[in-house]
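> 3D model of this:
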Amino acid sequence: MDDKKFCFIVCVSDERAYKECSFYISHLRIPNGYTAEMLPVKDAKSMASGYNKAMNATNARYKIYLHQDCFILNPNMLNDVLRIFFFDPNIGMIGVMGTPRISPDGVPENAPQIGNVYSPDQGHENYAKYEYCIDEGLYDCDFINGMMMITDRDIPWRDDLFDGWDFYDASQSMEFLRKGYRVVVPEQRLPWCAHEENLMNRWAYDKYRKIFIREYLP
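I've put the predicted structure just below:
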C-alpha cells in the first residue's frame, strides 16, 4: 500500500455530473510528497460492490469515496484530511455529514445531524485562507452520509447484504465501529463540499432499512 497516495473513487452513471466532480478534484492542492488518482467505476451492480471493486484495484492508502454529484469546494481538503488522521491513529473514517446516534428505526434522517454541506441558498464562500484546525472539533458518529466517505484503511463493503443503493454508507460506518475505529465528522466552519443530491428511486429503501436493523441494531 502506498502511504502517500490518495484515490478518488466514484460510481458513475451520469457523465456530465462526473465531469463536474472531476473538475473540482483537479483543483485540489496535493500535499507535498503525495500523489492522487481518479478511479471511476462504471456499470456497478450496487454501490457497495462498486466500491469493493475499486478498493481492490488501487494501492492508495487514502481513499475518498464520493458521489458523482458531490463537488469539493475546499482546496485544502487533502491537507485537512491528513491532519485529522494524524491527530488520532484510531480514526478510521471521515465524513462531512453524519449522525452521532442513529435512531432505533434505522433512518439516519430521523436523528440529529451534524456537519456542513453547501446548498444553493447560502452566500458565496471565500476559501482563500480557510484551513481546518483540530481545535474546531471532531464529532464521533454512528453513521456518516455517503456523499463523501474518506478512509485510511480497508474494510470490505457489505455487498453481501446491501446489493442496491441504500444503507451502504450506514453499514460501512457500523463496520468501522465494529473494528474499534472512530468514525468522525469535522465541524467545518466552511462546508467542504456541495452536493446536488438528485432525487433517486427509493423503492427498495425499506428493504435495506430492515436488513440494517437486523444486522446492526438487534
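> pLDDT score assigned to the residue nearest the centre of the chain?
Among the residues of the chain, the one closest to the centroid is Met149, at 1.6 Å (CA atoms, centre = their mean). Met149 carries a pLDDT value of 98.
> helix or strand for it, which one?
For Met149, the host element (DSSP states H and E) is strand 148-151.
> Return the backbone torsion pair for Val183.
Backbone torsions of Val183, given as degrees, to the nearest 10, read phi -120, psi 120.
> Which strand residues bridge it?
Beta-bridge pairing of Val183 under DSSP bridges involves Met93.
> wait, isn't it in contact with Gly95?
Yes - using CB atoms under 8 Å, Val183 is in contact with Gly95, at 7.3 Å. Every residue, glycine included, has its C-beta placed from N, CA and C.
> Quickly list what's touching both of those two.
By CB atoms under 8 Å, 6 or more residues apart in numbering, Val183 and Gly95 have these common neighbours: Cys141, Ile144, Ser173.
> contacting residues around the strand holding Met149?
With CB under 8 Å, 6+ apart as the test, strand 148-151 has contacts from 62-67, 70, 72, 81, 92-96, 169, 172, 176, 192-193.
> same question, stretch 65-77
So stretch 65-77 is contacted by 8-14, 17-18, 20-21, 24-25, 27-29, 51, 80, 118, 125, 127, 130-132, 146-151, 190-198 (CB under 8 Å, 6+ apart).
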